[in-house]
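Enquirer: Following is a predicted model, sequence given first.
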Amino acid sequence: MNTLTLNPGRLVALGRSEVTLLVRNRAALTLAVLMPLLMVFILRSSLSGADGAEALGEATLTGGIGMVLILVVHMNLVSAYVARREELVLKRLRTGEATDLEIIAGTALPAAVLALGQIAVLTVAGAAALDVRMPRSPLLLVAGVLAGIVLLAGLSALASSFTRTVETAGLTTLPLFLATVLGSGLFFPADSLPDLAASLCELLPLSGVMTLVRAGWSGGSAGGDLLSAGLTALAWIVITVFSVQRWFRWEPRR
């Protein structure tokens, strides 16, 4: 990569062009906007009258936040990076003044903003509809969400390097999706698994992020657990940045 510097003006300009492309895709935009409200409606129907509904509602809402991160950030961005690469957009942008980091971050900016908006709607509307208390440690919750967005943007850029076409993006995003849903504690803590499985699951890319998100909502995790989760998320971000610098593809695969 050329440099890791960021120019806010160029970043916003690149993000604006991505927003234009997103708005033109009416089906994707409608699904993205309505998904949090649809999730709240489904959750309210399924949890109505259940025992321990508040605890179950909190667990489901934090899992919903993880699903928004995976679906809106990761899956959308892998397709976006592949499409821009195959259309030679990335190659043309790289010949201009924009740095490599600005190009990658600018492409990710609309998905990140959309995910933040969806999570805000899911948090407020979900808590009201399910009669669940609002997050006890909102700053910790925000930190976990931001760490997840940065990490997933990097993982999306990396996954795009091994994705030949937009149509095959669903296959290359599937491993992380399954690993996150089954092992990173989206709807239940990983420590509820057997000891060896729980220890391995704690090392998955989104496990640290989801621990921070759950702790931000419930406010019940110990300091050592939060430190471990933060270090795990940070380690994955560092590994991902290094991998993107080395393997990200700017030109179409042949």
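Expert: The structure has been received and is ready for your questions. Numbers count the residues shown, from 1 in each chain.
Enquirer: centroid residue for this protein?
Expert: In the chain, the C-alpha nearest the mean C-alpha coordinate belongs to residue 69, at 2.9 Å (Cα atoms, centre = their mean).
Enquirer: in the stretch 101-250 of the chain, which spans are helices?
Expert: Assigned by DSSP state H, counting those that start in this stretch, the stretch 101-250 of the chain shows helices spanning 138-160, 169-183, 195-201, 207-218, 223-247.
Enquirer: Residue 128: which of the ones you listed is closest?
Expert: Between residue 128 and the helices of the stretch 101-250 of the chain, the tightest spacing by Cβ to Cβ is seen for helix 207-218, at 14.6 Å. Bear in mind the C-beta positions are built from the backbone N, C-alpha and C, glycine included.
Enquirer: got the angle for the closest one vs helix 138-160?
Expert: Orientation note: helix 207-218 sits at an angle of 150 degrees relative to helix 138-160 (axes from the mean of the first three to the mean of the last three Cα atoms, to 10 degrees).
Enquirer: Now do helix 207-218 against helix 223-247: the angle between them, please.
Expert: Going by the same axes, to 10 degrees, helix 207-218 makes 140 degrees with helix 223-247.
Enquirer: Check which helices and strands helix 207-218 is in contact with.
Expert: Using 3 or more Cβ pairs under 8 Å, 6 or more residues apart in numbering; DSSP states H and E as the contact definition, the elements that helix 207-218 packs against are helix 53-68, helix 138-160, helix 223-247.
Enquirer: Can I get the shortest one in PDB, CA atoms only?
Expert: Written as PDB, here are the backbone C-alpha positions of helix 53-68 (Å, rounded to 0.1, in the frame of the first residue of the first chain):
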ATOM      1  CA  ALA A  53     -38.300 -12.600  28.900                       C
ATOM      2  CA  GLU A  54     -36.100  -9.600  29.900                       C
ATOM      3  CA  ALA A  55     -32.900 -11.600  30.100                       C
ATOM      4  CA  LEU A  56     -33.800 -13.500  26.900                       C
ATOM      5  CA  GLY A  57     -34.700 -10.200  25.200                       C
ATOM      6  CA  GLU A  58     -31.300  -8.700  26.100                       C
ATOM      7  CA  ALA A  59     -29.500 -11.700  24.800                       C
ATOM      8  CA  THR A  60     -31.500 -11.600  21.600                       C
ATOM      9  CA  LEU A  61     -30.900  -7.900  21.100                       C
ATOM     10  CA  THR A  62     -27.200  -8.200  21.500                       C
ATOM     11  CA  GLY A  63     -27.300 -11.100  19.100                       C
ATOM     12  CA  GLY A  64     -29.200  -8.900  16.700                       C
ATOM     13  CA  ILE A  65     -26.400  -6.300  16.900                       C
ATOM     14  CA  GLY A  66     -24.000  -9.000  15.900                       C
ATOM     15  CA  MET A  67     -26.200 -10.000  13.000                       C
ATOM     16  CA  VAL A  68     -26.400  -6.400  11.800                       C
END
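Enquirer: what's in contact with whichever helix or strand comes after that helix?
Expert: Using DSSP states H and E, the helix or strand that directly follows helix 53-68 along the chain is helix 76-86. By Cβ atoms under 8 Å, 6 or more residues apart in numbering, the residues outside helix 76-86 that reach it are 18, 28, 90-91, 104, 107-108, 111, 152-153, 156-157, 159-160, 163-166, 169, 172-173, 249-252.
Enquirer: Can you flag the buried ones in those?
Expert: Of the members of these, the ones counted as buried by neighbours, 16 or more other Cβ atoms under 10 Å, are 18, 90, 104, 107-108, 111, 152-153, 156-157, 159-160, 163, 166, 169, 172-173.
Enquirer: Is it correct that residue 143 is in contact with residue 212?
Expert: Yes: the criterion here is Cβ atoms under 8 Å, and residue 143 meets it with residue 212 at 6.1 Å.
Enquirer: the more surrounded of those two?
Expert: Neighbours per residue (other Cβ atoms under 10 Å) separate residue 143 from residue 212, with residue 212 holding more: 27 against 19.
Enquirer: Could you measure from the residue lying closest to that one once chain neighbours are set aside over to residue 229?
Expert: Excluding the flanking residues, the one nearest residue 212 by Cβ to Cβ, 6 or more residues apart in numbering is residue 144, at 3.1 Å. To residue 229, residue 144 is 8 Å away according to Cβ to Cβ, to the nearest Å.
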